[in-house]
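Q: sequence plus predicted model, see below.
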Amino acid sequence: RGMSVGVFPLKHTSAADAEAALRLISGGAAGSTGAQAGRATNVRAQGAAGSPTGPGGVSPFGAASASPAGAAGLGESNPLYGALRIMPIERINALLVVTPRAAYLDEVRYWIEQFDRPNLNSAEPQLFVYKVQNGSADHLAELLNGIYGGGVLTQPGANGATGVAPGLTSLSGATNGLSTNLNGGFASNVNTLNSSSGGTSRMGLSSFGGGASTTGATALGGTAGSSNGQQGPGVTTTMLGQSVRVMADRINNTLLVHATPAEYERIEGTLKRLDIQRAQVLIEATIVEVQLSDGLQYGLQWAFSGGLGGGRRGSGILNNGTTGLSFADGTRSYDLGSAAATGFSYAVSNSAGAVTAMLNTLANKNLVKVISSPSLMVLDNHTAAISVGQQQPVQTGSTTVNTSTNYTTTTIQYKDTGVMLGVTPSVSAGDLVTLDINQIVTDVVNPTAATPTFTQRQIVSKVAVRSGETLVLGGLIKDNASNGKSGLPLLSSIPVVGALFGQHKQTNDRTELLVVFTPRVLRSDEDARAVSRELRERMRALDLSSPPAGVPASAKP
């Protein structure tokens, strides 16, 4: 017949004490009364069902304090009697239990949980290890120091109030602003959002060791804690009192607490409330820019070369901007040269093929729509930045080294262009998201010039919006209109017929910019996975439905 084996690690009691306590249950005295046997059977049933009620006659801290009556009450009538083989493993402080029935292991686990508890009445300090689940060990150590330390956090070796050991930084001057370094202009504007989060922290709470706090709160006894000793790399130690010491292990992200069981129980309760999963924010920004241009140009140019005799011919041509055009009327080829401008041109030529008059009209309309949709995922109260674009070279100076050979060196700097977004979200309990935003859109106007011109649109703002709702952050409408006229003096100014003696040009340029933000709060792993699936589906939607020319459909991945 097969046997079931279980290994049960212990935290607060020794393997020898736990073994002695289990032997009282499984191998007690045989002379038990009927009432005692009934109670033992009931206790086993409660233990198997997971009831928190333990046996009244068994001490949870080993056999030394177990009463004989309690031992006698768990004798042969107990179903565990003789059914367990218990072996202590001192090296790892665990128990090895062998039993013919796997169900007995659940009951053993229940009793071990009752035994393996800290002795809250003990005044002897012990070492406890708290494994941080969601936060940072350093951050939790700072919070504990602020709650229980009652002192001012200082840098190592700094003069002033005690209460923190080397490695912890002061709470004063903490900022939650943007501090990105995409480029000089971007960073300088981003840093304007920096703001202090409250200055020097004087919590005014009493420490475990006691002493007087800055606000006179009642202490538990003793003096305020102070730092001592040297720590190795990745370790921060905080003294919370005479008997409480907290060490933050950055490498393993754990907290080592040296305290009495009662003090640690209080600290552990605080840590469990602080060590929660932090919210994340998915920020989807949409930048829409529409550029409209409308132009009208018309006019008549005359060329006089020997009068307006006979033999002249007229021909028209529609030009898209190409120079050196010519046309033929069936008997002669006429060269317009550079006289034909963009648009519709009608030329009058003489018998020699020279253009003597040119009528030109042009109307153009352009629509440019630019859409950028950057997305960012960032932790609550952390800064995220994204830059999508190109670096444009700009000539900033030149130096002539040798005047005889004209050897010149040129200094070039690169300027970031495109979309740059910096944002710091702060999430409230009701999923209200406060956003510190710095949005910059930079474009180059004439990229081929040695000193190009740039256009920049920037929004620096702080707004609040509910999770999942869309907020229009800002808009810009720019409208430029120009009218130009050139021609012969006086004649070009005559109404109606003045157009025959000059050129008229009208242009209208309109730019519309709209910035929209949609934050989404993600509080669980499932929320993050759902967002990842959504982004992957968007990327798959960009895939072309048909393969390139010459490639069979079966070859498309």
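A: Arrived safely.
Q: what's the local residue count around the closest residue to A94 other than its chain neighbours?
A: Using C-beta to C-beta, 6 or more residues apart in numbering and skipping the chain neighbours, the partner closest in space to A94 is P9 (4.5 Å). C-betas here are computed from N, CA, C, even on glycine. Neighbouring residues of P9 were enumerated by other C-beta atoms under 10 Å; the total is 12.
Q: who's in contact with P9?
A: Contacts for P9 were tallied using C-beta atoms under 8 Å, 6 or more residues apart in numbering; they are I92, N93, A94.
Q: can I have the buried ones of those as a ChimeraX selection?
A: Once 16 or more other C-beta atoms under 10 Å is used to decide burial, the buried members of the contacts of P9 can be selected in ChimeraX as follows:
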select :93,94
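Q: let's see which of the contacts of P9 end up in strands.
A: The strands, defined by DSSP state E, take in A94 from the contacts of P9.
Q: relative to I25, which of the contacts of P9 is nearest.
A: Set against I25, the nearest of the contacts of P9 by C-beta to C-beta is A94 (18.0 Å).
Q: any idea how far the residue nearest to A94 is from I89?
A: 9 Å (C-beta to C-beta, to the nearest Å).
Q: may I see the buried residues of stretch 249-264?
A: By neighbour count, and taking 16+ other C-beta under 10 Å as the criterion, the buried residues in stretch 249-264 are D249, N253, L255, L256, V257, H258, A259, T260, P261, E263, Y264.
Q: now pLDDT and distance to D436 too, for the contacts of P9, in JSON lines please.
A: Compiled in JSON lines, the contacts of P9 are given as follows (pLDDT from 0 to 100; distance: C-beta to C-beta, whole Å):
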{"residue": "I92", "pLDDT": "89", "distance to D436": "50"}
{"residue": "N93", "pLDDT": "90", "distance to D436": "50"}
{"residue": "A94", "pLDDT": "91", "distance to D436": "51"}
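Q: ok so, going back, in strands only, show me the buried residues of stretch 249-264.
A: Mapping the buried residues of stretch 249-264 onto strands (DSSP E) picks out D249, L255, L256, V257, H258, A259.
Q: what would the residues you listed look like in CSV with pLDDT and distance to V132?
A: CSV is the format used below for those (pLDDT from 0 to 100; distance: C-beta to C-beta, whole Å):
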residue, pLDDT, distance to V132
D249, 90, 9
L255, 92, 6
L256, 91, 11
V257, 89, 12
H258, 87, 17
A259, 86, 17
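Q: now, which of these sits nearest G135?
A: The shortest approach to G135 among those belongs to L255, at 10.2 Å (C-beta to C-beta).
Q: so what's the closest one bridging to?
A: The residues listed as beta-bridge partners of L255 by DSSP bridges are Y130, A248.
Q: next one: F8
A: Once the bridges are assigned, which here means DSSP bridges, F8 pairs with L95.
Q: give me the pLDDT value at it.
A: Here the pLDDT value assigned to F8 is 91.
Q: contact partners for the nearest residue to Y414 once chain neighbours are set aside?
A: With sequence-adjacent residues excluded and distances taken as C-beta to C-beta, 6+ apart, Y414 is closest to Q391, at 4.0 Å. Counting by C-beta under 8 Å, 6+ apart, Q391 makes contact with Y414, K415, D416, T417.
Q: and what of D275?
A: Contacts here follow C-beta under 8 Å, 6+ apart; on that basis D275 touches V132, Q133, N134, G135, L140.
Q: what does V7 give?
A: If a contact means C-beta under 8 Å, 6+ apart, then V7 has I89, A94, L95, L96, V97 as its contacts.
Q: just those residues now: which is nearest G269?
A: Lowest distance from G269 to the contacts of V7 (C-beta to C-beta) belongs to A94, with 26.7 Å.
Q: how about the contacts made by that closest one?
A: Taking C-beta under 8 Å, 6+ apart as the contact definition, A94 lies against V7, F8, P9, L10, A15, P88.
Q: what of L432?
A: If a contact means C-beta under 8 Å, 6+ apart, then L432 has A464, V465, R466, S467 as its contacts.
Q: and for V531?
A: With contact taken as C-beta under 8 Å, 6+ apart, V531 is in contact with L282, M377, R520, L522.
Q: got the CA positions of the helix or strand V419 falls within in PDB?
A: Taking DSSP states H and E as the criterion, the element that holds V419 is strand 407-427. Backbone C-alpha positions of strand 407-427 (Å, rounded to 0.1, in the frame of the first residue of the first chain) are rendered in PDB as follows:
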ATOM      1  CA  TYR A 407      39.800  75.800 -45.600                       C
ATOM      2  CA  THR A 408      36.600  76.100 -43.600                       C
ATOM      3  CA  THR A 409      35.200  74.000 -40.800                       C
ATOM      4  CA  THR A 410      31.400  74.000 -40.200                       C
ATOM      5  CA  THR A 411      29.700  73.300 -36.800                       C
ATOM      6  CA  ILE A 412      26.600  71.200 -37.000                       C
ATOM      7  CA  GLN A 413      24.000  70.600 -34.300                       C
ATOM      8  CA  TYR A 414      21.000  68.300 -34.400                       C
ATOM      9  CA  LYS A 415      17.500  69.400 -33.400                       C
ATOM     10  CA  ASP A 416      14.800  67.000 -32.600                       C
ATOM     11  CA  THR A 417      11.600  67.200 -34.700                       C
ATOM     12  CA  GLY A 418       8.400  65.300 -34.600                       C
ATOM     13  CA  VAL A 419       6.100  64.500 -31.700                       C
ATOM     14  CA  MET A 420       7.400  64.700 -28.100                       C
ATOM     15  CA  LEU A 421       5.200  63.800 -25.200                       C
ATOM     16  CA  GLY A 422       5.900  63.900 -21.500                       C
ATOM     17  CA  VAL A 423       3.300  63.100 -18.900                       C
ATOM     18  CA  THR A 424       3.000  62.200 -15.200                       C
ATOM     19  CA  PRO A 425      -0.300  60.700 -14.100                       C
ATOM     20  CA  SER A 426      -1.700  60.600 -10.600                       C
ATOM     21  CA  VAL A 427      -4.700  58.300  -9.900                       C
END
